[in-house]
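> just to be clear, the model below is a prediction. Sequence and coordinates:
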Amino acid sequence: MKISGAVLVLGVALAALVGAVWSGPVATAVTMSAVSAVFAYAYPYLLGIPAKRTVSTVGAIASILAVTSPLYAPSDAPLRFVPLYVGFGVAASFIVQLLRGTGQVRRMESLIGLSAGIFLMGSGAGWVAVAQVAQQYPSQEIIQQASRGQGAALCVAVCALVGALIPLIQPRILSSTSVVIVGVGLFFGILVGSTTELALGSSVVLGGITGALTGAVVTLSQRAEGSLTKRTHVASGLGGIGLLGAVAFFGATFV
């Protein structure tokens, strides 16, 4: 089975973010901002809505503000300002649709779709918060292991990447790709987590949730493979990146 462009985009973005987490919060914020900007550009094409430039601009500004906010948020609440910027994006989306005027096509779809996209990318602030956790709590082992933050990022990335490759290696006797990916996510979550300072419970949760999200991306991209363009492949592949960041942060702070 040919791997979809969306899955390839997902893999490249995850690899870049994991490397950024190892480099530090600033590098992670820059990387996630770039991901948000690319997603904001491609997302309107996935939705098929009008006023694409305006929608992309609003989405990019709100998302970048959200994903960079952990850099100056209180250390005990790195995601404190994320809801503020997501709310700003939703309000700006509403104003944009008002300015388009009565009678314009697909105003409601544009508003709901853009709001959802801002929420998805705003959740990517979790990647920056994970990098901060990695910086604040380095490995305490004599033989250096990946710290909690690094372990959470690595666990999410490996589970997602392996899950994305399942369509290439899945035997025909396995009828449900999504179920298989969730199972593989659990297995690799425990496997990767055991080599880091990540707690076992966090590894299981991260593996399961990551497997479920990756399975959804793979299944949706397979069903829509024939109708997707390059831009929509990019948007569908990056759509889950932000949520995976939130999941990684939960895993890094879960005890």
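Looks like it came in fine.
> quick one, helices of the stretch 51-200 of the chain?
Taking DSSP state H, counting those that start in this stretch, the helices of the stretch 51-200 of the chain run over residues 52-68, 82-100, 107-122, 125-136, 148-169, 177-193, 200-223.
> columns mean pLDDT on top of those, output as TSV?
Formatted as TSV, the helices of the stretch 51-200 of the chain follow (pLDDT from 0 to 100):
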stretch	mean pLDDT
helix 52-68	91
helix 82-100	87
helix 107-122	85
helix 125-136	87
helix 148-169	72
helix 177-193	65
helix 200-223	67
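> out of those, which one sits most buried?
helix 125-136 (a mean of 27; mean count of other C-beta atoms under 10 Å). Yep, even glycine has a C-beta here, placed from its N, CA and C like the rest.
> angle of that one against helix 52-68?
Interaxial angle of helix 125-136 relative to helix 52-68 (axes from the mean of the first three to the mean of the last three C-alpha atoms, to 10 degrees): 20 degrees.
> who touches the residue nearest to residue 132 when sequence neighbours are not counted in this structure?
Closest residue to residue 132 apart from its sequence neighbours, by C-beta to C-beta, 6 or more residues apart in numbering: residue 25 at 4.9 Å. By C-beta atoms under 8 Å, 6 or more residues apart in numbering, residue 25 lies in contact with 70-71, 128, 131-132, 135.
> between those, which sits nearest residue 239?
Closest to residue 239 out of the contacts of residue 25 is residue 128 (18.6 Å), distances taken as C-beta to C-beta.
> which residues does that closest one contact?
Contacts of residue 128 (C-beta under 8 Å, 6+ apart): 25, 28-29, 32, 67-68, 70-71, 78, 245.
> how about the residue nearest to it when sequence neighbours are not counted, what does it touch?
In space, residue 128 comes closest to residue 70 once its chain neighbours are excluded; the distance is 4.3 Å by C-beta to C-beta, 6+ apart. Taking C-beta under 8 Å, 6+ apart, we find residue 70 in contact with 25, 29, 78-79, 82, 125, 128-129, 132.
> one more pass at 10 Å, please.
Neighbour list for residue 70: 25, 28-29, 32, 77-82, 125-132, 249 [criterion: C-beta atoms under 10 Å, 6 or more residues apart in numbering].
> then residue 53?
For residue 53, the contact set (C-beta under 10 Å, 6+ apart) comprises 41, 44.
> hmm, back to that, just the closest of the contacts of residue 25 to residue 38, please.
Ranked by distance to residue 38 (C-beta to C-beta), the contacts of residue 25 are led by residue 128 at 17.0 Å.
> could you report the separation of the closest one from residue 229?
30 Å (C-beta to C-beta, to the nearest Å).
> equivalent analysis for residue 114, please.
Counting by C-beta to C-beta, the gap from residue 114 to residue 229 is 19 Å.
> what's the answer for residue 245, then?
26 Å.
> more crowded one of these two?
Per other C-beta atoms under 10 Å, whichever of residue 245 and residue 229 has more neighbours is residue 245, with 29 against 12.
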